[in-house]
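# please work out how this folds:
(one chain, ligands or ions: 1)
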Amino acid sequence: MAWHEAYDDPSSALSARLHMVRAQLAGAINRAPPGAVRLVSLCAGQGHDVLGVLRDHPRRADVSAVLVEADPDNAAAAGEHAARAGLAQVEVRHADASQVASFADALPAGVLMLCGIFGNVSEPDIERTIAAAAAFCAPGATVIWTRHRGPPDQTPRIRALFAGAGFEEIMFGSPEKSPQVGVGAGQFRGTPATTGPADGVSATAGPAVTRPAVIAGGEPLFTFRP
Ligand SMILES: C[S@@+](CC[C@H](N)C(=O)[O-])C[C@H]1O[C@@H](n2cnc3c(N)ncnc32)[C@H](O)[C@@H]1O
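Numbering: from 1, shown residues only. Okay, the predicted model is just below:
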């Protein structure tokens, strides 16, 4: 069974996770300052989270979204879903989200989605991605992430990494009936990044937060395990 088929079962842990992620995303859009909201979703899958929220959100017209997905079938499904929902401001990119150049033009993000990534990549990749997330975000941006809590539970470390990168935790939890699922959200309190050309993002170090000086094009943020 493909991972996303569990979304078809409303009682699955994945559906419970989706419910939590959508609630966080709706809250992030509500919280965003008036005007345009730039949303970036890495490894977006079929976009169930973003599209399910934007469809009915009162601020849907404010949100422009870039969904980056490597699998052509998933990307096509997300694109069709967006079109059906009349969400012309959602761009689905069939591209490699581990390469900053794939989405650098959409930064800085007001909402950054990192869902379904951390359970599939190495610990150094998690560290690199969280450090980079700080350089991707506008001041006050919300990051939403997920990680399963199977042993060894990496979520305490992930939460600490986000805190160290300048994200104030808004929530962390599990669905009531799916304690093996972890969903987190944080608000970026670090210093603003300056976006560069398509080869990457550069940022100056803020007072309290160590941020990557340059996320060079070419070096992947993460690699999914086979
Ligand atoms: C576990 S799924 C999560 C999808 C979605 N974010 C969600 O939570 O429903 C991981 C997705 O990442 C995609 N993926 C894996 N490596 C990728 C890469 N380097 N760039 C973009 N997408 C990638 C896979 O094709 C898959 O759709």
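
# the protein against the ligand: which residues are in contact?
Taking C-beta under 6 Å from any ligand atom as the criterion, the chain approaches the ligand at residues 3, 43-45, 48-49, 68-71, 74, 96-98, 115-116, 224. Every C-beta, even on glycine, is put in place using the N, C-alpha and C of the backbone.

# strands of the chain, residue ranges please.
Using DSSP state E, the strands of the chain run over 37-42, 63-69, 90-94, 109-114, 137-148, 167-173, 181-188, 194-195, 200-202, 214-216.

# could I get those strands as CSV with mean pLDDT, mean neighbour count and distance to residue 7?
Compiled in CSV, the strands of the chain are given as follows (pLDDT from 0 to 100; neighbours: other C-beta atoms under 10 Å; distance: least, C-beta to C-beta, whole Å):
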stretch, mean pLDDT, mean neighbour count, distance to residue 7
strand 37-42, 98, 25, 15
strand 63-69, 98, 24, 15
strand 90-94, 98, 20, 17
strand 109-114, 98, 26, 16
strand 137-148, 97, 23, 13
strand 167-173, 97, 16, 20
strand 181-188, 98, 24, 13
strand 194-195, 44, 14, 33
strand 200-202, 49, 20, 31
strand 214-216, 48, 17, 31
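
# dump those to a markdown table, plus distance to residue 161.
Shown next, in a markdown table, are those (distance: least, C-beta to C-beta, whole Å):
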| stretch | distance to residue 161 |
| --- | --- |
| strand 37-42 | 16 |
| strand 63-69 | 21 |
| strand 90-94 | 26 |
| strand 109-114 | 12 |
| strand 137-148 | 10 |
| strand 167-173 | 9 |
| strand 181-188 | 10 |
| strand 194-195 | 22 |
| strand 200-202 | 18 |
| strand 214-216 | 16 |
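
# ok, longest helix in this structure?
Using DSSP state H, we find that the single longest helix of the chain is helix 13-31.

# for that helix, which positions count as buried?
By neighbour count, and taking 16 or more other C-beta atoms under 10 Å as the criterion, the buried residues in helix 13-31 are 13-18, 20-22, 24-29.

# who's in contact with that helix?
3-4, 6-7, 9, 37, 39, 48-50, 52-53, 57, 59, 62-63, 110-111, 113, 115, 140, 142, 144, 146, 170-171, 173, 175-178, 180-181, 183, 185, 187 (C-beta atoms under 8 Å, 6 or more residues apart in numbering).
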